[in-house]
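In: give me a model of this one.
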Amino acid sequence: MNTRFLRRLLPQKRRWWWLLAALVLVAIGLASAAIWVPEFRQVALSTLHRAGLAHAENDGHDHAKAVPHAHDHDEAEHDPVGHDHGKPGETEEDEHGHAHGSKAGYDHVHDEACAIKLSQQARGNIGLRLAKVELRPFERTITVPGIVVERPGWSVLEVTAPMTGIVTKIYPIQGEAVESGRPLFEVRLTHEALLQVQTEFLRTLEELDVTAREVARLEKVTADGAIAGKTLLERKYEQQKQEAALRAQRQVLLLHGLSQEQVDRIVATRTLLQSLTIRAPVRKSAQASEKHPLQVQQLKVSQGTYVRAGDTLCTLADYGELYIEGRAFEQDIQAINRASTAGCTISAVLGSKSTADKETVQGLCILYLDEKVDRESRAFHFYVTLPNRLLREAETPDGRRFAYWQFKPGQRIQVRVPVERWKNRIVLPVEAIAHDGAETYVFEANGDHFDRRPVQVEYRDQDWVVIANDGALKVGTTVAASAAHQMQLALKAKAGGGVDPHAGHNH
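Out: Numbering: from 1, shown residues only. Take a look at the predicted model:
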């Protein structure tokens with residue numbers, strides 16, 4: 001009996017073991033569906049394409065008509081704007097005469113693996129910007145480093161003591177902005193030559209007054225016939241000599257640094273000038289109608305300092321116009337020479353590598369080229385005129401002003417010199433493209449999602465990329481002008497469950 005019972009029980013245990021193994025396999029398959037389902041879908045689509053049952057490639061154009069069950073939702077959910085999908089293999093021409101078939105991607109039927117949908121929050125997080133694909137001219141340039149420098153002999157002014165004296169008062173502070181003609185220093189005069197000229201000038205004034213009264217008296221007496229006219233004529237000759245001497249002494253006082261007002265004050269008060277007011281020099285801007293202040297760059301004296309004639313009291317900076325010193329390499333000399341000879345306008349970029357931080361100045365011209373190459377750095381220098389702009393002025397409660405200029409000496413800058421000009425090119429910001437191995441992609445806006453389009457890059461620099469007008473990207477469509485790399489990473493994470501750290505190469 002026991003033997004028969006065991007023989008009947010063994011087949012039933014085997015069936016339970018097989019059932020348990022099948023359940024374990026099903027559980028494992030469901031847990032790893034995110035890994036093998038996308039791969040299985042790609043293999044299935046490729047197999048259907050080779051068999052002639054599917055009419056779209058795996059670059060993001062899966063026809064729902066050929067594979068109606070490729071998605072869990074219908075085509076209308078991915079095409080809310082109502083694009084015309086056409087028939088498989090049908091071609092069309094755009095306004096530029098380029099032929100486009102179903103492979104070009106204008107039927108807007110997309111493969112789920114090559115399309116991404118972003119929420120409004122996601123668009124804001126990545127700083128998404130849109131741009132319309134248009135044909136426009138593009139100017140190819142070379143970029144050379146440069147630095148903002150002062151104009152030799154013009155940007156820095158030294159205010160010197162016109163004569164010997166003692167500094168009794170200093171009006172500005174270091175860094176303050178002062179207008180032309182504003183008082184800077186008060187100097188008590190101890191210059192012997194100036195004191196002597198003032199004394200002679202004052203003596204001549206008094207003598208001239210006496211002579212003028214004598215001439216007036218003689219004119220009355222001579223009219224009555226009491227004195228001969230010869231005496232009056234001699235006094236008039238003496239008066240003319242004194243007037244000539246007074247004019248010469250006045251000019252000497254002006255040459256010593258006195259102003260016309262100060263000389264007139266000596267004449268009016270008949271007293272010697274004991275102190276001298278030194279004022280900011282008058283400077284004209286590059287634009288005659290524009291007034292800008294001078295900045296006190298450095299004060300070199302303090303109150304009570306004894307100064308001699310010619311000693312520097314302070315230095316003023318005039319930042320109304322500066323230079324850009326370009327530092328090109330030897331291989332760029334020919335291009336810069338051609339641009340200078342042709343009178344081409346160049347541009348300067350100030351800021352970091354981030355596009356948002358960049359500030360571009362257009363319409364600049366090369367002033368002159370240096371005649372030699374630096375021996376140590378092997379750099380070729382050229383100079384560009386850089387008009388400066390006063391951004392704002394701040395004033396303290398005690399009335400002191402401080403000016404803030406757009407450009408400052410020492411700032412690093414990039415100079416872009418034009419080399420070649422192209423016509424009718426598709427030009428997009430460099431942030432509009434994403435790389436995956438040898439492929440380059442642009443994300444085209446299609447309703448509420450973006451389709452990835454492979455494109456060919458003809459040229460790129462730090463800011464712009466030129467896309468070949470070969471029909472891969474239709475003129476007039478809207479594409480993502482930024483954050484293409486982030487969208488590519490999100491697309492790969494969606495397809496493979498993660499981002500490959502090896503720049504998009506799946507192993």
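In: below-threshold pLDDT in the stretch 51-200 of the chain: ranges please.
Out: In the predicted model, the stretch 51-200 of the chain carries pLDDT under 70 at residues 51-111.
In: just the chain next, same as before
Out: Looking at the chain by pLDDT under 70, you get 1-15, 33-111, 224-228, 284-290, 351-357, 496-507.
In: try it again at 50.
Out: 1, 6, 52-108, 287-289, 354-355, 499, 501, 503-507 (pLDDT under 50).
In: center of it - which residue?
Out: residue 359 (1.8 Å; Cα atoms, centre = their mean).
In: and it, how far is that from residue 320?
Out: Using Cβ to Cβ, to the nearest Å, residue 359 is found at 19 Å from residue 320. C-beta: built from backbone N, CA, C; applies to glycine.
In: and residue 414, by the same measure?
Out: 23 Å.
In: bridged to the residue nearest to the centre of the chain, which residues?
Out: Under DSSP bridges, the beta-bridge partners of residue 359 are residue 350.
In: in terms of neighbours, single out the busier of residue 414 and residue 320.
Out: Neighbours were counted for residue 414 and for residue 320 using other Cβ atoms under 10 Å; residue 320 has more, 23 against 18.
In: surely the more buried one meets residue 388?
Out: Yes. Using Cβ atoms under 8 Å, residue 320 is in contact with residue 388, at 5.8 Å.
In: so what are the sheet partners of the strand ranked longest in the chain and their directions?
Out: Secondary structure of the chain per DSSP state E: the longest strand is strand 412-429. Note on strand 412-429: by DSSP bridges, its sheet partners are strand 135-149 (antiparallel), strand 346-350 (antiparallel), strand 464-467 (antiparallel).
In: would you list these in TSV and tack on mean neighbour count?
Out: Output for these, formatted as TSV (neighbours: other Cβ atoms under 10 Å):
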stretch	mean neighbour count
strand 135-149	17
strand 346-350	19
strand 464-467	20
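In: helices or strands next to the helix or strand hosting residue 493 in the packing?
Out: Element membership for residue 493 (DSSP states H and E) is helix 484-496. Judged by 3 or more Cβ pairs under 8 Å, 6 or more residues apart in numbering; DSSP states H and E, the packing partners of helix 484-496 are helix 33-50, strand 115-117, strand 433-436, strand 439-446, strand 449-455.
In: can you point out the buried residues in the fourth one?
Out: It stands for strand 439-446. Under the neighbour-count criterion of 16 or more other Cβ atoms under 10 Å, strand 439-446 has 440-446 buried.
In: ok, now the shortest one?
Out: Judged by neighbour count using 16+ other Cβ under 10 Å, the buried positions of strand 115-117 are 115-116.
In: repeat for stretch 248-265
Out: 249-250, 252-253, 256-258, 263.
In: how about the strands paired with strand 412-429 in a markdown table, adding distance to residue 182?
Out: Output for the strands paired with strand 412-429, formatted as a markdown table (distance: least, Cβ to Cβ, whole Å):
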| stretch | distance to residue 182 |
| --- | --- |
| strand 135-149 | 27 |
| strand 346-350 | 31 |
| strand 464-467 | 47 |
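In: which stretch among the ones you listed comes nearest residue 488?
Out: Proximity to residue 488 (Cβ to Cβ) singles out strand 464-467 among the strands paired with strand 412-429, at 14.9 Å.
In: any idea which helix or strand comes after the closest one?
Out: Following strand 464-467 toward the C-terminus (DSSP H and E): strand 478-480.
In: specify the beta-bridge partners of residue 178.
Out: For residue 178, the beta-bridge partners are residue 294 (DSSP bridges).
In: could you measure from it over to residue 165?
Out: Residue 178 is 21 Å from residue 165, by Cβ to Cβ.
In: compare those two (neighbour count), which wins?
Out: Under the criterion of other Cβ under 10 Å, the comparison of residue 178 against residue 165 puts residue 165 first, with 25 against 21.
In: burial measure for residue 292, as a count.
Out: Counted with other Cβ under 10 Å, residue 292 comes out at 23.
In: I meant to write residue 158 there.
Out: 13.
In: got a list of what it touches?
Out: 312, 314-316 (Cβ atoms under 8 Å, 6 or more residues apart in numbering).
In: what segments of the stretch 201-350 of the chain are helices?
Out: 229-255, 260-269, 333-342 (DSSP state H, counting those that start in this stretch).
In: and the first one, what does it pack against?
Out: Yep, that's helix 229-255 we're talking about. helix 192-224, helix 260-269.
In: what comes up buried for the longest one?
Out: Looking back up the chat, that one is helix 192-224. So for helix 192-224, counting by 16+ other Cβ under 10 Å, buried means 194, 197-198, 200-202, 204, 208, 211, 214, 218, 222.
In: residue 329: which of those residues is nearest?
Out: When the buried residues of helix 192-224 are compared against residue 329 (criterion: Cβ to Cβ), the nearest one is residue 194, at 56.6 Å.
In: wait, isn't that closest one in contact with residue 256?
Out: Yes. Taking contacts as Cβ under 8 Å, residue 194 lies within contact range of residue 256: 5.0 Å.
In: shared neighbours of those two, anything?
Out: residue 163.
In: and residue 389, how many neighbours?
Out: 12.
In: what does residue 457 give?
Out: Counted with other Cβ under 10 Å, residue 457 comes out at 15.
In: pretty sure it sits against residue 470.
Out: No. Counting by Cβ under 8 Å, residue 470 is not a contact partner of residue 457; they are 11.4 Å apart.
In: just send the helices of the stretch 201-350 of the chain back as a markdown table, with distance to residue 348 too.
Out: Putting the helices of the stretch 201-350 of the chain into a markdown table (distance: least, Cβ to Cβ, whole Å) gives the following:
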| stretch | distance to residue 348 |
| --- | --- |
| helix 229-255 | 44 |
| helix 260-269 | 44 |
| helix 333-342 | 14 |
